[in-house]
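J.: okay, sequence plus prediction incoming.
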Amino acid sequence: MTNASEKYKPNAELRKQYKVSGMSCANCALAIEKGIGQMKGVNSAAVNLASEKLTLEYDPSVVKEEDILTRIDDLGYKAYSEDSDDGQQQFKVSGMTCANCALNIEKKLKGTPGVNTASVNYANETVTVDYDPQILSLTDIYAQIRDAGYIPLKNMEANEKVREAIIQRNWGIFSAILSFPIMPLMYLPMTAPLMFFIFVLATIVQFTVGGIFYRGAYHALKNRSANMDVLVALGITAAYGYSLMTAINMFYPDLFFVGPNFFDTSALLITFVRFGKYLEAKAKGQAGQALTRLLELQSDKARMLVNGEEQEVAAADLVIGDVVIVKPGERIPVDGEIIAGQASIDESMLTGESITVDKGVGDAVIGATINRSGSIKVKITKTGKDTVLAGIIKMVEDAQGVKPPIQRLADLIANYFVPAVVIISAITFSVWYFLLDSTFVFAFTAAIAVLVIACPCALGLATPTAIMVGSGVGLNRGLLFKSAAVLEGIASLQAVGFDKTGTLTKGTPEVTDIVAVAPFNERDLLQIAAAGEKPSIHPLAQAIVTRAQEEEVEIADVNDYKEESGHGIICSYQGKALLIGNMKHMQKNGIDIREIEPEFQRLAAEGKTTMFIALDGLGIGLIALADVLKESTREAIQRLHKMGLKTFMVTGDNEKVARVVGQEVGIEEINAEVLPQDKIGIVQKYQEQGLRVAMVGDGINDAPALAQADIGNAVGSGTDVAKETGDVMLVR
């Protein structure tokens, strides 16, 4: 059972993420974890091979960041912080057409105060700059490049993954061109010239294409670890070395021994592993496409108001308090608040809803959403990492960076896999040669076979790649997983609890029934009620007005408007006294409601809030309102039941309303009129029955239950507290 307080537990350590390059398999990741984890002051180190990221928690008063990066460099890998601006940056630039373009950018940057050095590589379109972060920021450098007429590309990660895949593919093709001819040549009568030709082809492959394995093996052994590079290097060296001796024996008989050569084995093994690295790099790139698509949603430019005039600026340059103009068809650059105008905003990228949302002065707008109609002025309230989109991206990255239990098991296996293979290979040779009296050639061949068929890559890559793909698919479907362990934990759920308001229902009241007394019809009653409720800001009143607007009913103005708290309103409608409110309001004012009282009782039994409308002393009808179900609620509950999951409701609403909703959706176990602090007890009750429980909620009152549940699911439209407490956020 999960303790609710655990999810609130503060972390005093500094938590940072680093991008790591140079890893080839799970053992590389483990070598970094082990090497960094042993440093004094490091609390935890977790490396995700698929996303190539190191998540580190350490005490900066005990160990310095530069010491950590130096240690990673000693291990044979490169790392840089994703969180800090240390004054050294490298990024891509588009728009260069010749070498002079590169010189222009260098000149522009070197002439900028605060820039120490700047180097532009035209061939690979890369800018490397060293600057003083106390004088200027990376955003200022981007601005200088834009001013020179070029475009800095901030999202290098996706481009680098594509580039890595292309490099691995090209090496694989080069290796294949040299390696594949060797196999058919091996079946020809072996002559000295033919042997020399095969030797040349195999040697080129061995020490050019295969060089990466020797470098990786060197760093691994230097740091007392064994990774896939060690295994491959052993295999190809054994096959190549044995073949080299048989080849030399052809030219110098009796120097070594006579036997078949395995130049084709070493060359083809290198080729296949290289192609495997290409597929691995491609898988990494595809697994991160969901985040890449989110990053691409960010607007690059904005129309900022400067001294009353529009000025096009980079969205990255905006600061809190700036005012921007967003015209129809444009993306809102960053989060803000509308201070002038009205617009229909397409928030489908966040909510999945295709219907636009009408917004006006005082309403919040989210960066990357699209203005479909109307021109608005927006005051910036959040920038950079504080925006909603940046928060979503960070949440997904964090989920992909955390190891679930199954990944830790895979890492443990991979850690012992390489030494185990080497030992088994040695045992294989010993058994065949010493116990079974086989020839040296046969025993050595068997030992090589054990080495070359073993590769632990899949053990370490499969799980993190599955996590990346799973969280990416979830993101596309409106599910944000805060932890990789959640993906694994969902499979073992046995019960799901739901809050009612805002979770099963829409969370806002809507008109459900209109009952009119002759000679009035439903439209007449709606028109009269909307006129009376128009001045009110009460949610029920606004629901009636909204329904009238949807029905395109003309809403008249009223006079002598007066609200009576807890009862209703009184006003003058076309010279007649209009009363709208509850039964007490009618009784207090002596209104005859006997004709419509049976309908009132029926609607009340259905858990609906019912309002009486009286005109000129007579009850003329009823309007019932309710927090209606979301369109997908019934289907969702039915699917959970088909999957064999138990469902229950936990709500602070009254018993009657809760049971009506439960009956509509098919939830039989209802826990109504429950206080927020008691919701934990309800969840614990099911956990004590041996069930793994998920809880779905949207409000502050749901936060304790979300924390207590094995998996908390927060509705994205809910409160920040609920969203921060939940393990999964539902944004659609």
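T.: Sure, I can see it.

J.: CA atoms for contacts and neighbours, from now on please.
T.: OK.

J.: report the secondary structure state of G149.
T.: Assigned with DSSP: H, G, I helix; E, B strand; the rest coil, G149 falls in the coil class.

J.: surely I151 meets G95?
T.: Yes. With contacts counted by CA atoms under 8 Å, I151 reaches G95, the gap being 6.4 Å.

J.: between those two, which is the more surrounded one?
T.: Per other CA atoms under 10 Å, whichever of I151 and G95 has more neighbours is I151, with 17 against 12.

J.: give the contact list for the more buried one.
T.: V93, S94, G95, Y142, I145 (CA atoms under 8 Å, 6 or more residues apart in numbering).

J.: could you identify which of those has the most neighbours?
T.: Neighbour counts for those (other CA under 10 Å) peak at V93, which has 24 neighbours.

J.: what's around A302, how many residues?
T.: When neighbours are defined as other CA under 10 Å, A302 has 24 of them.

J.: and it, that's in a helix?
T.: No. Residue assignment for A302, taken from three-state DSSP, gives strand, which places it outside any helix.

J.: beta-bridge partners for it, please?
T.: When bridges are called by DSSP bridges, A302 pairs up with V313.

J.: ok, and what's touching stretch 497-506?
T.: Counting contacts by CA under 8 Å, 6+ apart, the residues outside stretch 497-506 that touch it are 507-508, 627-630, 633, 647-651, 653, 658, 683, 693-698, 702, 715, 718.

J.: so of the residues you listed, which ones are in strands?
T.: By the criterion of DSSP state E, membership of these in strands covers 507-508, 627-629, 647-650, 693-697, 715.

J.: so in this structure, where's the weakest helix or strand by average pLDDT?
T.: In the chain, the helix or strand scored least confidently by mean pLDDT, DSSP states H and E is helix 720-725, which has a mean of 52.

J.: from the chain's centroid, how far away is whichever helix or strand comes after that helix?
T.: Sequence-wise, the next helix or strand beyond helix 720-725 is strand 728-730, with elements assigned using DSSP states H and E. Strand 728-730 has its average C-alpha position 11 Å from the chain's average C-alpha position, going by CA atoms, centre = their mean, to the nearest Å.

J.: what strands line up against strand 728-730, and which way round?
T.: The pairing partners recorded for strand 728-730 under DSSP bridges are strand 479-481 (antiparallel), strand 711-715 (parallel).

J.: could you dump the ones you listed into JSON lines with distance to V230 and mean neighbour count added?
T.: Supplementary listing: those in JSON lines, determined by distance: least, CA to CA, whole Å; neighbours: other CA atoms under 10 Å:
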{"stretch": "strand 479-481", "distance to V230": "36", "mean neighbour count": "25"}
{"stretch": "strand 711-715", "distance to V230": "41", "mean neighbour count": "27"}
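
J.: where among those is the average confidence lowest?
T.: Mean pLDDT across those is lowest at strand 479-481; the value there is a mean of 79.

J.: packing partners for the following helix or strand past that strand?
T.: In the C-terminal direction, the helix or strand that comes right after strand 479-481 (DSSP H and E) is helix 484-490. In terms of contacts (3 or more CA pairs under 8 Å, 6 or more residues apart in numbering; DSSP states H and E), helix 484-490 is packed against helix 388-401, helix 457-476, strand 711-715.

J.: going by neighbour count, which residues of the helix or strand in which N249 is found are buried?
T.: Remark: N249 resides in helix 228-251, with elements defined by DSSP H and E. Within helix 228-251, the residues that qualify as buried by neighbour count (16 or more other CA atoms under 10 Å) are 228-250.

J.: tally of neighbours for the residue lying closest to V421 once chain neighbours are set aside?
T.: Beyond its immediate neighbours in the sequence, the residue positioned closest to V421 (CA to CA, 6 or more residues apart in numbering) is L451, lying 6.6 Å away. L451 sits with 24 neighbouring residues when counted by other CA under 10 Å.

J.: if I look at the nearest residue to R331 once chain neighbours are set aside, how far off is D678?
T.: Counting by CA to CA, 6+ apart, R331 lies nearest to I370, which is 4.4 Å off, once chain neighbours are set aside. When distance is defined by CA to CA, to the nearest Å, I370 is 42 Å away from D678.

J.: and T265, by the same measure?
T.: Counting by CA to CA, the gap from T265 to D678 is 68 Å.

J.: after the helix or strand where R169 lies comes which helix or strand?
T.: Using DSSP H and E, the element containing R169 is helix 156-179. Beyond helix 156-179 on the C-terminal side, the first helix or strand identified by DSSP H and E is helix 182-186.

J.: buried sites along that following helix?
T.: Judged by neighbour count using 16+ other CA under 10 Å, the buried positions of helix 182-186 are I182, M183, M186.

J.: quick one, phi/psi of the nearest residue to the last one once chain neighbours are set aside?
T.: Same thing as M186. Taking CA to CA, 6+ apart as the measure, M186 lies nearest to D264, with 7.9 Å between them; neighbours along the chain are not counted. The phi and psi values for D264, taken as degrees, to the nearest 10, are phi -70, psi -30.

J.: count of residues packed around D264?
T.: Look at D264: counted by other CA under 10 Å, it has 24 neighbours.

J.: circling back: neighbour-wise, which of I370 and D678 wins?
T.: Set side by side, I370 and D678 give different neighbour counts by other CA under 10 Å, the larger being at I370 (25 against 16).

J.: which residues does that one contact?
T.: G329, E330, R331, I332, I345, D346, E347.

J.: show me what it is bridged to.
T.: Note on I370: beta-bridge partners R331, D346, judged by DSSP bridges.

J.: where does pLDDT dip in the stretch 601-732 of the chain?
T.: Using pLDDT under 70 as the threshold, the predicted model of the stretch 601-732 of the chain has low-confidence ranges 676-677, 699-701, 703, 716-726, 732.

J.: all helices of it, in order?
T.: Counting by DSSP state H, counting those that start in this stretch, one finds helices in the stretch 601-732 of the chain at the ranges 633-642, 655-665, 676-688, 703-708, 720-725.

J.: show me what counts as buried in whichever helix or strand V496 is part of.
T.: In this assignment (DSSP H and E), V496 forms part of strand 495-498. By neighbour count, with 16+ other CA under 10 Å as the criterion, the buried positions of strand 495-498 are A495, V496, G497, F498.

J.: per-residue confidence averaged over it?
T.: The pLDDT scores in strand 495-498 average 94.

J.: check stretch 36-48 too.
T.: The predicted model gives stretch 36-48 an average pLDDT of 87.

J.: now do the end-to-end distance for it.
T.: By CA to CA, the extent of stretch 36-48 from end to end equals 14 Å.

J.: which stretches in the stretch 201-350 of the chain count as strands?
T.: According to DSSP state E, counting those that start in this stretch, the stretch 201-350 of the chain carries its strands in the segments 301-306, 309-314, 323-326, 336-340, 343-346.

J.: now do the contacts for A446.
T.: A446 makes contacts with S425, T428, F429, as judged by CA under 8 Å, 6+ apart.

J.: correction: the previous question concerned V674.
T.: The neighbourhood of V674, defined by CA under 8 Å, 6+ apart, consists of V650, T651, G652, D653.

J.: ok, these vs L269, which is closest?
T.: When the contacts of V674 are compared for distance to L269 (CA to CA), V650 comes out closest, at 59.7 Å.

J.: from R659, how far off is that closest one?
T.: V650 is 11 Å from R659, where distance means CA to CA.

J.: how about P152?
T.: Taking CA to CA as the criterion, P152 is separated from R659 by 58 Å.

J.: isn't M195 up against T246?
T.: No. The criterion here is CA under 8 Å, and M195 misses it with T246 at 9.9 Å.

J.: Q90: neighbour count?
T.: Neighbour count of Q90, defined by other CA under 10 Å: 15.
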